[in-house]
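[1] Here is my input; please provide its structure:
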Amino acid sequence: MLRRVFVVLLFLVFLGSAFAQLADSLNMHLVGEWTAPAGMGIHDVAAQGSLLYVGGGDTLYILDISDPSSPSVLGKFHSSTGVQFSSVAIKDSFLYGGGVGFQIVDISQPDSPIERGSCLGYPSDIGVYDTFAVFGNGYGFTILNISDPDTPYTIEDYNVYPLLPNDSYLYDSLLYICGWYVYEMSPEPPYVYFDVAEYLGYDISSGTPYLADVHDFYEPGSGDDDTIFLGSRCGAIVANENGVY
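    This next block holds a predicted model:
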């Protein structure tokens, strides 16, 4: 009887803690805001210390958020090559941005950012490791050599077919790409297909990626011959030292 009471008490403590965390999450409130110029869409942001870098269109805004209730514009940058800042990433004193084209910006003086090198590409989800920049390109990923910030260049474009990529995330030297592929259960009529969610993990530490991790989220099941299986698709991915999510 005492054991049962103890178990019930533990459950109630756990339940109370869960409700407390939920209540805290519902207590969020707006502290401050910044309104972008008319016609500017905000596509991505990156923070460094008390500064927030906001990418949208061909203009990059640098905001001082040391007073979160009153963010203010410290500087801005407009690419002379027409690069669109749909994705931004920061490493040390450089910002790497792109969407249509790829641009490196020296942000050592955030009130007066300086244009450095650029190159062609259609980056999404830019990540930086050592002297490499990596980003999704719609069919896989691209690795750039950025050892000289004035002359970035493509090392190689990688196609991850049959995976149809949706999102990518760089954690340390591991690039994770998630999406889905179409599994053909029956190669003869009546054809049966379904989607299988999957992520791939590539180690890019040497600049020559190799596949280090693969995981399917859906195991094939059985069904009627005339069934079209709609499996699962992975739309977003993030990773840290504890795992991949």
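[2] Sketch out the helices for the chain, chain order is fine.
    All helices of the chain, identified by DSSP state H, fall at 2-25.
[3] who are the neighbours in contact with Gln48?
    Taking CB atoms under 8 Å, 6 or more residues apart in numbering as the criterion, Gln48 is in contact with 90, 107. (C-beta placed from N, C-alpha, C; glycine too.)
[4] Distance-wise, check it relative to Ile65.
    The gap separating Gln48 from Ile65 is 10 Å, by CB to CB, to the nearest Å.
[5] same thing with Ala239?
    Distance, Ala239 to Ile65, using CB to CB: 26 Å.
[6] Can you report how many residues neighbour the residue nearest to Pro113 when sequence neighbours are not counted?
    With CB to CB, 6 or more residues apart in numbering as the criterion, Pro113 has its nearest non-adjacent residue at 4.2 Å, and that residue is Phe77. Burial of Phe77, expressed as a neighbour count using other CB atoms under 10 Å, amounts to 24.
[7] and what of Lys91?
    By other CB under 10 Å, 15 other residues sit near Lys91.
[8] Run through the residues that contact it.
    Applying CB under 8 Å, 6+ apart, the residues near Lys91 are Val128.
[9] Could you rerun that using 10 Å?
    With contacts defined as CB atoms under 10 Å, 6 or more residues apart in numbering, Lys91 is in contact with 46, 48, 127-130, 133, 146.
[10] With Thr154 instead?
    Contact partners of Thr154, counting by CB under 10 Å, 6+ apart, are 102, 119-121, 133, 142-145.
[11] what's the least confident helix or strand in the chain, going by average pLDDT?
    helix 2-25 (a mean of 42; mean pLDDT, DSSP states H and E).
[12] do you know how far Leu174 is from Leu200?
    Relative to Leu200, Leu174 is positioned 10 Å away (criterion: CB to CB).
[13] hey, what's in contact with both of these two?
    Counting by CB under 10 Å, 6+ apart, the residues touching both Leu174 and Leu200 are 209, 212-213.
[14] so where's this structure uncertain?
    Across the chain, the ranges flagged by pLDDT under 70 are 1-26, 183-195, 217-232.
[15] The nearest residue to Phe135 once chain neighbours are set aside: how many residues sit nearby?
    With CB to CB, 6+ apart as the measure, Pro123 is the residue that lies nearest to Phe135, at 3.8 Å, once sequence neighbours are left out. The burial count assigned to Pro123 is 29, neighbours taken as other CB under 10 Å.
[16] Report the contact partners of Pro123.
    Under the criterion of CB under 10 Å, 6+ apart, the contact partners of Pro123 comprise 83-89, 96-103, 133-137, 141-142, 144.
[17] how about a cut-off of 6 Å?
    Residues near Pro123 by CB atoms under 6 Å, 6 or more residues apart in numbering: 87, 98, 102, 135.
[18] and it, how far is that from Gly99?
    Here Pro123 is placed at a distance of 6 Å from Gly99 (CB to CB).
[19] who touches both of the two?
    Residues touching both Pro123 and Gly99 comprise Ser87, with contact defined as CB under 6 Å, 6+ apart.
[20] ok so, going back, hmm, which of the contacts of Lys91 are the buried ones?
    Listed as buried from those are 46, 127-129, 133, 146; burial here means 16 or more other CB atoms under 10 Å.
[21] What is the burial count for Asp58?
    Residues lying near Asp58 (other CB under 10 Å) number 19.
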